[in-house]
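[1] the following block contains a protein sequence and its predicted model.
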Amino acid sequence: PGLEVVRVNAWLGPRGTISPTHCDPCENLLCQVVGRKLVCLYQATRSSEMYRTEGTLFNTSQVDPEGVDRERFPDFPAVPDLWTVLDEGEMLFIPYGCWHYIRALDNAFSVSFWWARREWEAKGSAGVADSSTKGAAVDRELAAAGPKNES
């Protein structure tokens with residue numbers, strides 16, 4: 001009750017595939033099926049330190065947490081809130097707004113389940129009309145926040 005499955009995503013890639021630091025428009029349950037992935041998480045409360053990319057990729061950071069350029073990004077957190085390795089058969093809950101960076105340590109296959117809480121839709125702060133859209137209200141909310149820490 002109060003939850004609606006929004007989207008199921010499949011992620012397939014060779015060792016070394018990187019998903020740059022970003023936040024998703026919904027709650028996310030990341031399920032590792034094959035291989036291992038290094039995952040770095042930052043709480044949503046650290047959004048102002050993420051150096052958002054301008055334009056359509058506003059939910060993506062400009063910073064590589066495995067090689068931070070401290071001259072360009074002095075406020076990026078020196079230590080993430082969590083570094084972990086997600087092994088085959090493991091799942092990780094990534095809350096809405098939580099920033100995450102992922103690197104495949106092996107040839108890897110993952111499935112993620114995104115959903116929004118229906119009460120968010122009523123408040124206009126999140127939600128998805130159907131599985132063909134990506135959290136339109138959340139996208140609008142993030143866009144309204146605009147880029148942070150412009151360099």
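    The structure has been received and is ready for your questions. Numbers count the residues shown, from 1 in each chain.
[2] and the helices in the protein?
    Secondary structure of the chain (DSSP state H): helices located at 118-123, 136-145.
[3] center of the chain - which residue?
    Using Cα atoms, centre = their mean, the residue of the chain that lies closest to the mean C-alpha position is residue 23, 3.1 Å off.
[4] against residue 35, how distant is it?
    In this view, residue 23 and residue 35 are 23 Å apart by Cβ to Cβ, to the nearest Å. Every residue, glycine included, has its C-beta placed from N, CA and C.
[5] next, count neighbours for residue 70.
    In terms of burial, residue 70 registers 9 neighbours under the definition other Cβ atoms under 10 Å.
[6] give me the low-pLDDT residue ranges for the protein?
    Under the criterion of pLDDT under 70, the regions of the chain flagged as low confidence span 1-5, 117-151.
[7] could you pull out the strands for it?
    According to DSSP state E, the chain carries its strands in the segments 3-13, 18-22, 27-34, 37-42, 82-86, 91-94, 99-104, 108-117.
[8] can I get those strands in a markdown table with distance to residue 67 and mean neighbour count?
    Rendered in a markdown table, the data for the strands of the chain read as follows (distance: least, Cβ to Cβ, whole Å; neighbours: other Cβ atoms under 10 Å):
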| stretch | distance to residue 67 | mean neighbour count |
| --- | --- | --- |
| strand 3-13 | 20 | 15 |
| strand 18-22 | 11 | 18 |
| strand 27-34 | 23 | 18 |
| strand 37-42 | 12 | 20 |
| strand 82-86 | 14 | 14 |
| strand 91-94 | 22 | 16 |
| strand 99-104 | 11 | 23 |
| strand 108-117 | 21 | 19 |
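[9] and of these, who's closest to residue 50?
    When the strands of the chain are compared for distance to residue 50 using Cβ to Cβ, the nearest one is strand 99-104, at 5.5 Å.
[10] list the helices and strands that closest one packs on?
    Using 3 or more Cβ pairs under 8 Å, 6 or more residues apart in numbering; DSSP states H and E as the contact criterion, the secondary-structure elements in contact with strand 99-104 are strand 18-22, strand 37-42.
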